[in-house]
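Chemist: no sequence on this one, just coordinates:
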C-alpha cells in the first residue's frame with residue numbers, strides 16, 4: 001500500500017501537521033545573524049549586571065524582555081532595537097501572538113526602530129539569563145556593542161534584500 005503525500009488529503013495518516021512558523025520574518029535567519037545577536041546580548045547582560053552590582057540604586061536597564069514591556073517602551077520612544085525570535089507559532093485569535101507581532105511591527109515602523117529576526121526563543125532566554133523562553137527583546141542602549149549592532153543591521157538589510165529578490169523571482173516564474 002502506498003501513501004500519498006498530498007497535503008490537502010485528510011485521509012493520509014503519515015503526514016504530520018507542520019506548524020506555520022516564521023510567517024512574519026522579513027529576512028532569512030543565518031548563523032551569522034544569530035551569532036551577532038547573541039554576542040550583543042552577552043555584552044548587554046554583562047554590563048547591566050556589572051552596573052547593578054556596583055550600585056543597585058543608580059543602574060539603568062539596557063534591555064527589556066516580553067511583548068507587553070516592548071510595546072509599552074516603544075510608545076515612550078525608549079527602545080532603539082528589537083530582537084524577535086524566529087520560532088513563534090501563528091495564533092490568529094484576538095490578542096494572540098499574531099496581533100501582538102503586528103502591533104510591534106507597526107509601532108517599530110512608526111518610530112523607525114529596527115527589528116531583527118534572530119534565533120529561537122530558548123537562545124534568547126539563555127543569552128538574557130532568563131529561566132523561561134523569551135520571544136522578544138527590546139534594547140534601550142546598545143552603545144557598548146555599537147560595532148556589532150551596525151554589522152548586524154547591515155546584515156539584516158542585506159538578507160532582507162535577498163529575501164525580497166527571491167520573492168520577486170518566484171512571482172516572475174509564475
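Modeler: Looks like it came in fine. Computed from a predicted structure; not experimentally measured. Residues are numbered from 1 along each chain as shown.

Chemist: rest of the way, CA atoms for contacts and neighbours
Modeler: Noted.

Chemist: Low-confidence stretches in the chain?
Modeler: Within the chain, the set of residues satisfying pLDDT under 70 comprises 1-29, 156, 159-174.

Chemist: residue ranges for the helices of it, please.
Modeler: Listed in chain order, the helices of the chain (DSSP state H) span residues 31-54, 67-75, 97-110, 121-128, 146-173.

Chemist: Just name the most buried of those.
Modeler: For these, average neighbour numbers computed from mean count of other CA atoms under 10 Å are highest in helix 121-128, which has a mean of 19.

Chemist: now the helices of the chain as TSV including distance to residue 88?
Modeler: Formatted as TSV, those follow (distance: least, CA to CA, whole Å):
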stretch	distance to residue 88
helix 31-54	16
helix 67-75	12
helix 97-110	8
helix 121-128	8
helix 146-173	19
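
Chemist: Quick one: closest of those helices to residue 137.
Modeler: helix 67-75 (7.1 Å; CA to CA).

Chemist: Are there helices or strands packed against that closest one, and which ones?
Modeler: helix 97-110, strand 136-139 (3 or more CA pairs under 8 Å, 6 or more residues apart in numbering; DSSP states H and E).

Chemist: so the longest one versus helix 67-75, what angle?
Modeler: So that's helix 97-110. Taking axes from the mean of the first three to the mean of the last three CA atoms, to 10 degrees, helix 97-110 and helix 67-75 form an angle of 20 degrees between their directions.

Chemist: Which strands or helices does helix 97-110 pack on?
Modeler: Contacts defined by 3+ CA pairs under 8 Å, 6+ apart place helix 97-110 against helix 67-75.

Chemist: I'm done for today, thanks for sticking with me.
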